[in-house]
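1. Quick one: sequence plus predicted model below, questions after.
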Amino acid sequence: MKKTIIVFILFLFSANIFSQKRGQALIDSLLASTTSQSNDTVVAKIYNRAGLYYVDVNLDSAFKYATKGMSLVQRMKWDKGISAFHTIYGQIFITKAKFDSALEEYKQSLSYSTKIKDSINIGGSYNNLGTIANAKSDYVAAARYYTKAFEISDAIKDYYNAGIACENLALVYQYQEDYTKGMSYAKKSLAAHMQIEDVEDYPAPLALIGDFFMKLTKYDSAFSYYKKALFFAKQVNDKLKEGAVLNSIAEYYATKHNYEEAVNTALEGKKIFDTVGPSFEDAVVNKGLLGYYYLQLYRKSDNKKEKNAETLLQMAHDYLEQAIQQFKSVSNKNEQAQLQKSLSEVNEMMGDYKNAYLNYKSYTEINDSVFSQANKNRLAAIESQNEIDKKNLEIEKQKLQVSEEKKNIFILLGGLLFMAAIGFLFYRVSAIRKHKNEQLTKLNKELDEANKLKAKFFGILSHDLRSPIANLVNFLNLRKIKPDALNKEQAEERENKISSSAQSLLETMESMLLWSKGQMQQFKPEHDLIKVDNLFSYIKKTFADHENISFSFKNENDLQIETDENYLRTIMYNLTNNAAKALSNIPEGKIEWKAWSENDKQFLSITDNGLGITNEKLKALYDDSADSGSKHGLGLHIIRDLAKAINCNITSASKPDEGTTFTLSITQSA
């Protein structure tokens, strides 16, 4: 977890006294000077510096000086100081894994910074909000906050916060295994810190660059950056960063299978953490690394039953267990999952098969939730939207520039023609302005429609494709991890279901393509005479794997309907899919499709015995402006749009705990 702090511009305070002091010595000297200070602003800044220092050293001391400082700045009614001390409280709470309390403090800090339009601290506040999201493994929100922090800081050339934001973005992409993009942000972070020669912050981006080279299997380059990071950490006497870099160097030795040197390096880092920060995250990572390295040394031992070998295995177990418990206490699921995978191997070697199973199960569940493809797609969507916004801004600037140039031309012509042409010029300028406004209005409307279409299309991907793809991926992962978990008959049965699901998925994709084309101008449905039995067969085949639901189809008069088959089939699919989801937790679930005709109309209805649906959720079926943010609402939007295209009227009836009925009414073509 990367901690970020708001930059608090410190005064040039007795430079000849403190310039050679760092760390605890500097803090002690600053605090000792408060007794002789008559300026409350200076004292508040000293308390701020002390509070920030003690966050990583002693939380009780950090809280003590934050409280003193907050009392002082509140008495002074100094909004900038109040914002800064809310940040320190947030750092204290996040170190204690009290994320909700930390979130409130950071929001308070942002509120005060916004009130006084302090762009530097606004950028820092967004960095801090990203830290909370990152701690909760919500990498999408974290990326959004860090991106905003970078944009604000970069605009005002606040290189410190810009560097921190890029460093945090690099970490987010590291978690998502996008090492190329993460490397670019790590290099941006280093460049930003170098702009202000901020030597104290060199080690983190240097070590990150080394980490990315490691992931890209460029080990010599990685080791070179690690050595640079270690040099600067020692130069500024930052023990925590020194320990963190030693963790990375130990990992380098591990890639060379030199686990003896990896253990020695990690133990060197452990000595530092035991002294200055045993609860610091990198200290917990250090324990996890030691557990993993001792496991590898055990594997290399010739006689597994020797006392020394058993000691190695026990040490691996103890270090991994300690690290996992500490990561659980701070909800760091990413690190916890990886260590549980190693611990499951240790449990198996010790003959503890129950815990081996439980640890591996926990690893797979956490890993699936944290590293889902959906998160990667949404991260890409955020970056794509940023690029779109920049392009749109450039277009608007070009339009304004063109408009200004035309105005200048008209002014020059007006000067040359003077009074004889002034009447004509007024008319001409007015006509051109009106024409340009009409063009801009038309372009803005087209752009708005295009954005709505894009939003709907991405929504469909999440709504209709995620579940079948997830089933396919889970089956393939099961076959990869445990190829013998299913016997031949079970495997064949599952493969048949997967094949059927894949065919259904292809048909669903074709239906979505049809719907997206239907949003385009001048695209019309093609009417034909369709047998209702064929539609019922399609629904029955598509939802064959819903074994917990009983389907029935009634078409006593062999009804045929004249309409566009693809449109109607997609409407029926979405209604059936919504009904199936409503019955997912209902025992003895039932879905019934019926077809009949009355006068000049044909009717189709679907009824389920679920819990019913509220009028609020049904609003998307009838109201174009209704919110489509939920998956259920999006399906109703699709149904509504396609029904309009084929002149199909939809009504609904629902009772709590009794179920829901949707009825489609289709008028015969003349």
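-> On my side now, so go ahead. Residues are numbered from 1 along each chain as shown.
2. Quick one: distance of stretch 137-151 to the chain centre.
-> Stretch 137-151 sits 8 Å away from the centroid of its parent chain (Cα atoms, centre = their mean, to the nearest Å).
3. Report the buried residues of it.
-> Using 16 or more other Cβ atoms under 10 Å as the burial criterion, the residues of stretch 137-151 that qualify are 137-150. C-beta coordinates here come from the backbone N, C-alpha and C atoms, glycine included.
4. likewise stretch 561-580?
-> Buried residues in stretch 561-580 (16+ other Cβ under 10 Å): 561, 563-580.
5. next one: stretch 291-308
-> In stretch 291-308, counting by 16+ other Cβ under 10 Å, buried: 291-298.
6. related to what we said a few turns ago, from the buried residues of stretch 137-151, which land in helices?
-> Under the assignment DSSP state H, the buried residues of stretch 137-151 contribute 139-150 to helices.
7. what's the closest of those residues to Asn599?
-> Nearest to Asn599 among these: Val140, at 52.4 Å, using Cβ to Cβ.
8. Columns pLDDT, distance to Arg433 and secondary structure on top of the buried residues of stretch 291-308, output as TSV?
-> Below are the buried residues of stretch 291-308 laid out as TSV (pLDDT from 0 to 100; distance: Cβ to Cβ, whole Å; DSSP: H, G, I helix; E, B strand; the rest coil):
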residue	pLDDT	distance to Arg433	secondary structure
Gly291	90	73	helix
Tyr292	91	70	helix
Tyr293	90	73	helix
Tyr294	91	77	helix
Leu295	90	75	helix
Gln296	90	75	helix
Leu297	90	79	helix
Tyr298	89	81	helix
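9. out of the residues you listed, who's nearest Glu405?
-> Tyr292 (65.3 Å).
10. for the closest one, what are its contacts?
-> Contacts for Tyr292 were tallied using Cβ atoms under 8 Å, 6 or more residues apart in numbering; they are 254, 316, 320, 339, 342.
11. Just to be sure, the second one is in a helix?
-> Yes - note on Ala316: a helix contains this position according to DSSP: H, G, I helix; E, B strand; the rest coil.
12. So it sits against Ser301, correct?
-> No - applying Cβ atoms under 8 Å as the test, Ala316 and Ser301 come out as separate, 11.7 Å apart.
13. buried residues in the strand or helix carrying Ile272?
-> In this structure, Ile272 sits in helix 259-276 according to DSSP states H and E. Across helix 259-276, burial judged by 16+ other Cβ under 10 Å covers 259, 262-263, 265-266, 269-270, 272-273, 276.
14. Return the distance of the residue of the chain most remote from its centre relative to Ile411.
-> The centre of the chain is farthest from one residue, Ala420, which by Cα atoms, centre = their mean lies 64.8 Å away. Note on Ala420: its distance to Ile411, by Cβ to Cβ, to the nearest Å, is 16 Å.
15. before we move on, the earlier item: and which of the buried residues of stretch 291-308 is nearest to Lys397?
-> Tyr292 (53.4 Å).
16. returning to what we had before: quick one: list the elements packing against the helix holding Ile272.
-> Applying 3 or more Cβ pairs under 8 Å, 6 or more residues apart in numbering; DSSP states H and E, one finds that helix 259-276 contacts helix 239-255, helix 281-300.
17. quick one: the first one to chain centroid distance?
-> Okay, so that is helix 239-255. Worked out by Cα atoms, centre = their mean, helix 239-255 lies 28 Å from the chain centre.
18. got the angle between it and helix 281-300?
-> With axes from the mean of the first three to the mean of the last three Cα atoms, to 10 degrees applied, the angle from helix 239-255 to helix 281-300 works out at 20 degrees.
19. tell me the mean pLDDT for helix 239-255?
-> Average pLDDT, helix 239-255: 91.
20. Pull the distance from stretch 567-577 to the chain's centre.
-> With Cα atoms, centre = their mean, you get 31 Å for stretch 567-577.
21. Also stretch 289-307?
-> Stretch 289-307 sits 38 Å away from the centroid of its parent chain (Cα atoms, centre = their mean).
22. Strands of the chain, start to end?
-> 528-531, 549-554, 560-563, 589-598, 601-608, 648-655, 659-667 (DSSP state E).
23. Pipe these into a markdown table and attach distance to Lys287 per row.
-> Converted to a markdown table, these look like this (distance: least, Cβ to Cβ, whole Å):
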| stretch | distance to Lys287 |
| --- | --- |
| strand 528-531 | 66 |
| strand 549-554 | 49 |
| strand 560-563 | 66 |
| strand 589-598 | 49 |
| strand 601-608 | 52 |
| strand 648-655 | 55 |
| strand 659-667 | 54 |
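24. And those strands: which comes nearest Asp211?
-> Per Cβ to Cβ, nearest to Asp211 of the strands of the chain: strand 549-554, 48.6 Å.
25. Thanks a lot, catch you later.
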